[in-house]
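**Q** okay, predicted coordinates and the sequence, questions at the end:
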Protein chains: 2
Amino acid sequence: MTLASSPLGLHRVVEPPGVLPQAAWRLDPSPEIAADEVRIRVDRLNLDAASYRQLREAHGGDSDKVRAAVLDIVATRGKMQNPVTGSGGMLTGTVDAVGPASPLGLTPGQRVATLVSLTLTPLVITDGLARWDGESEQVPCDGTAILFARSIAAVLPDDLRPELALAVMDVCGAPALTQRVVAGHTPAPGPVVAVLGAAGKSGSLSAAAARAAAAARVIGVVPHEGEAALLREAQGLVDAVVIADARDPVVLADAVVAAGGPADVTVVCVDAPGCEGGAILGTKQGGTVIFFSMATSFSGAALGAEGMAADVTMLIGNGYVPGHANLALQLVRENTAVRALFERRLG
Amino acid sequence: MTLASSPLGLHRVVEPPGVLPQAAWRLDPSPEIAADEVRIRVDRLNLDAASYRQLREAHGGDSDKVRAAVLDIVATRGKMQNPVTGSGGMLTGTVDAVGPASPLGLTPGQRVATLVSLTLTPLVITDGLARWDGESEQVPCDGTAILFARSIAAVLPDDLRPELALAVMDVCGAPALTQRVVAGHTPAPGPVVAVLGAAGKSGSLSAAAARAAAAARVIGVVPHEGEAALLREAQGLVDAVVIADARDPVVLADAVVAAGGPADVTVVCVDAPGCEGGAILGTKQGGTVIFFSMATSFSGAALGAEGMAADVTMLIGNGYVPGHANLALQLVRENTAVRALFERRLG
C-alpha cells in the first residue's frame, strides 16, 4: 500500500469516505502495510458477548449459520463489527510485519492482544473459520489484521495464562485511571477511596490500584453477602467491606460514611443503571467520582450533582491511559488477592 | 415543623420513603420551616420547556385545562414535577423566612431565583394560578417554596433585568467549571481553549470565562455562517471563529488545528448528539474535554477515546460549582460582547 497513511486509519476507510474507521461501513483490509502500520497474523477472535448472543439468536442457534454470518460480515465490511449490535471484540495473534514508521514498539514474532476494538480493525479471514464450531465467542482462526499508528496492542506476558491476561487487559483502563487520580490527590496522607462493585474484575483491579497508589483507606462496596465473602477472602485488598445497594443513594452514602467515608474518590464499577446519585452522595465535597460502568447516565450524573449541590469532579472513565495494560498485569502479578479473585471468576 | 431535618430534604419526602426529594413521588410542602430551611414567597414559576410542551399537547392547547393540570400536579405531589417528562423548572420569589441554622446566607426580603430544580423543591400554590393565562411557561403565581440546607438560590441582581439574569443563571455551571479547569492548567502561558457552540448561551459564557482565566487562545466553533457572524460581532470574545460541523470528527479536528489548536481544553456546548468524537480528536494528548451538553453519550465518549488511543481527561459538566451564579453574572456585566449576545437571544 503506497497511499499516505493516517495514524487513525482514515486511509483504510472505504465507505462512507471521511468518517473514522469505527463509524465506517467498510474498511480496506489489504494485508500490505503502510509505513506506520503493523500486520498481525491472527489466531483468535474474542467476539463481544452482546454480538455473539445476537448472532446465535438470529440464526436459531444453528452453528453453521453463525459461522457463515461472521465470515460474511468480515468479507463485506473488512472488519468484525456486528451490524445489529454495533459491537466487535478483541483479537490475539502474532506480530507479522512492522512498518518502519510504526510508533507501537512491536517486533515480529511477539504474541499480542489488540486493545482497540475489532470495530475499527481491518481484518481478513483466510481459513473459512474451519476450526470454529460456532459454539462460543472464542473464535480460533487464521487471517491478518492491521494496526494503525494510534492503535493499541499489548504483548501477551509469558508468565500468565492467556485467558487471565486477556481478562485483565479487557478492564485495564479502570485501574490505570484510578491509579492516576489517587496518586494525584493532595494533600497527604492519600485519599479515602470507595469502589462500588469491588469484587468484580474492574472493581477489584481498581481497589488494588488505589492501594498501590497509597490510598489512606479503601472501602469495597458489594451488593450482597456472596460478593462480600469473596472480598473478605481477598485479604488486604480493601480495608472495609460494605454491603449496600448502589442504586439507593441514601443507603449507599450512609454505609460508606459508616465505613470510614465519605470518600475523596469514588470509583463506579457496577454494571447497573442508577448508581450516579449514590456515588455522588457518598463522595466528599471537592472529591472525585470516576464512572467506569457503561450503564452510567450522563444526564443522571450531571443533574444529580446539581440537585444535591455537590461540588464533585465527575470523570468519564476513559478506557485508554498510557501503560494501562502493563500496570494491570503487574497488579495481578503482585497482588495475590486480586489474582485469586480473577482465577475464581475465570473458573 | 419540629422533625429533625436533613440538608438534602429527606425529611420532606412522604412517598416513597427513603428516596431523594427529586426521585420522590410526593413531598411535604408545609410552609413551616425547620431550623436549616428557608421559605420563599413565590411570585413566578419558569416551567421547563419540555414539561410545558407536553402539558399543552396533552390538553389539546386548552389553557384552562393546562392550568388545572399544573395545579393538580402541585397539589398531588407537593412539587412541580411533570410526571410524564420528569422535569421541573425554576422559580423566583422573595425570601420570607430564614431558619437560624440555614447555611445559605439569605435574608428576608431578598429577591431570589432557585438554582435547584423544581423537581425537588416543596411547593404550595395559594392563588389558584388566577393570574396565569396558560399561554406561556412563565407562570405568575402566589405561594410558598422551601429551600433545604443544600439547595441553591441566587439573589437577583438590581442592575440586570430579571429575564437576563435568569437566562445567565440557567447556564452558570458551564462558565464556572470552564474557569476552574482553565485556571488550573499548567504550565504557563495558559491553555488553548476550543468552545464548541461558542455563540450560544453556555458557549459564549464559557468562552468569556476561559478568556478571564487567562487562556492563551480561545477558538470558537459554530455550525454555520449566521452564528459565525454573531460571534465576530462579539469582538474580543474569541481569537478565532471556526465554522465546522461538530458531529464530523475529522473535519472538526482539522478545523480546530488550523485555527491554532489542537486544544488543551475543549468545552462542548452543542445540544446535538454525536459530538464526542470530534471533541476528543480536536484535543491534545493529555488535554481535557468538558461535556456540558445533555445530548452527550457516556459510552460514545468513553469508547471514542479508547478507540483513538486518546489520553484525554473527560469531565461530566456538573451544573453546580460554588459561586457559579455570581461568576456568570459578573462576566455578563464586564464583558459587553457576551452581554450583547445574550440580549440578542432574549430579543
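**A** In hand now; what should we look at? Residues are numbered from 1 along each chain as shown, chains lettered A, B, ... in the order given.
**Q** I figured A:P29 hits A:L120, correct?
**A** No: A:P29 is beyond contact range of A:L120, at 11.6 Å (criterion: Cβ atoms under 8 Å). All C-beta atoms are positioned from the backbone trio N, CA, C, and that covers glycine.
**Q** stretch A:67-80 near chain B at all?
**A** No: Stretch A:67-80 stays out of contact with chain B when judged by Cβ under 8 Å from any Cβ of the partner chain, the minimum separation being 12.0 Å.
**Q** who's in contact with that stretch?
**A** Contact with stretch A:67-80 is made by A:12, A:14, A:21, A:24-29, A:45, A:47, A:55, A:58-59, A:81-83, A:88-89, A:118-125, A:128-129, A:132, A:134, A:139, as judged by Cβ atoms under 8 Å, 6 or more residues apart in numbering or on different chains.
**Q** any of those buried? List them.
**A** A:12, A:21, A:24, A:27-29, A:45, A:47, A:55, A:59, A:81-82, A:88-89, A:118-125, A:129, A:132, A:134, A:139 (16 or more other Cβ atoms under 10 Å in any protein chain shown).
**Q** which of those residues fall within helices?
**A** A:L55 (DSSP state H).
**Q** now, which of the buried ones among the contacts of stretch A:67-80 lie within strands?
**A** A:L27, A:L45, A:L47, A:G89, A:L123, A:V124, A:I125, A:V139 (DSSP state E).
**Q** intersect the buried ones among the contacts of stretch A:67-80 with the contacts of chain B.
**A** A:T119, A:L120.
**Q** residues from the stretch 1-150 of chain A in reach of chain B?
**A** Checking the stretch 1-150 of chain A against chain B by Cβ under 8 Å from any Cβ, the hits are A:8, A:10, A:18-20, A:22-23, A:115-117, A:119-120, A:150.
**Q** give me the lowest-pLDDT entry from those.
**A** Minimum pLDDT for these is recorded at A:G18 (82).
**Q** separation between it and A:L8?
**A** 12 Å (Cβ to Cβ, to the nearest Å).
**Q** now do the strands in chain A.
**A** A:13-15, A:26-27, A:38-47, A:89-98, A:111-114, A:123-125, A:138-147, A:153-155, A:192-196, A:217-222, A:240-243, A:263-268, A:283-291, A:313-316.
**Q** which residues sit against the fourth one?
**A** Meaning strand A:89-98. With Cβ under 8 Å, 6+ apart, strand A:89-98 has contacts from A:33, A:38-48, A:51, A:80, A:104, A:106-115, A:117-118, A:121, A:123, A:137, A:144-145, A:156, A:162, A:166, A:169-170.
**Q** now pLDDT too, for the ones in strands among the buried ones among the contacts of stretch A:67-80, in CSV please.
**A** CSV is the format used below for these (pLDDT from 0 to 100):
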residue, pLDDT
A:L27, 97
A:L45, 94
A:L47, 90
A:G89, 89
A:L123, 98
A:V124, 98
A:I125, 98
A:V139, 94
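**Q** which one of those sits closest to B:A4?
**A** Nearest to B:A4, judged by Cβ to Cβ, of those is A:G89 at 53.1 Å.
**Q** and of the residues of the stretch 1-150 of chain A next to chain B, the nearest to A:G319?
**A** Nearest member of those to A:G319, counting by Cβ to Cβ, is A:L115, at 8.1 Å.
**Q** neighbours of that closest one, how many?
**A** 20 (other Cβ atoms under 10 Å in any protein chain shown).
**Q** can you tell me the closest non-neighbouring residue to it?
**A** A:I152 (4.1 Å; Cβ to Cβ, 6 or more residues apart in numbering or on different chains).
**Q** these two touch, right, the one you found and A:A113?
**A** No: judged on Cβ under 8 Å, A:I152 makes no contact with A:A113 at a distance of 9.7 Å.
**Q** which residues are in contact with A:P108?
**A** Per Cβ under 8 Å, 6+ apart, neighbours of A:P108: A:V95, A:D96, A:A97, A:V98.
**Q** and the gap between it and A:T126?
**A** In terms of Cβ to Cβ, A:P108 sits 18 Å off from A:T126.
**Q** where does the stretch 1-150 of chain A get nearest to chain B, which residue?
**A** Per Cβ to the nearest Cβ, the residue of the stretch 1-150 of chain A with the smallest distance to chain B is A:R150, at 4.6 Å.
**Q** what about that residue, neighbour count?
**A** Neighbour tally, A:R150, other Cβ under 10 Å: 19.
**Q** was I right about it contacting A:L8?
**A** Yes: here A:R150 reaches A:L8: they are 5.6 Å apart, a contact under Cβ under 8 Å.
**Q** list the residues that contact both of the two?
**A** The contact lists of A:R150 and A:L8 share B:M308, where a contact means Cβ under 8 Å, 6+ apart.
**Q** now the most centrally placed residue in chain A: closest residue in space that isn't a chain neighbour?
**A** Closest residue to the average C-alpha location of chain A: A:V171 at 3.5 Å, with Cα atoms, centre = their mean. Once flanking residues are discounted, A:V171 sits nearest to A:S202: 3.9 Å by Cβ to Cβ, 6+ apart.
**Q** surely the one you found meets A:F292?
**A** Yes: using Cβ under 8 Å, A:S202 is in contact with A:F292, at 5.7 Å.
**Q** common neighbours of the two, please.
**A** Counting by Cβ under 8 Å, 6+ apart, the residues touching both A:S202 and A:F292 are A:A174, A:C269.
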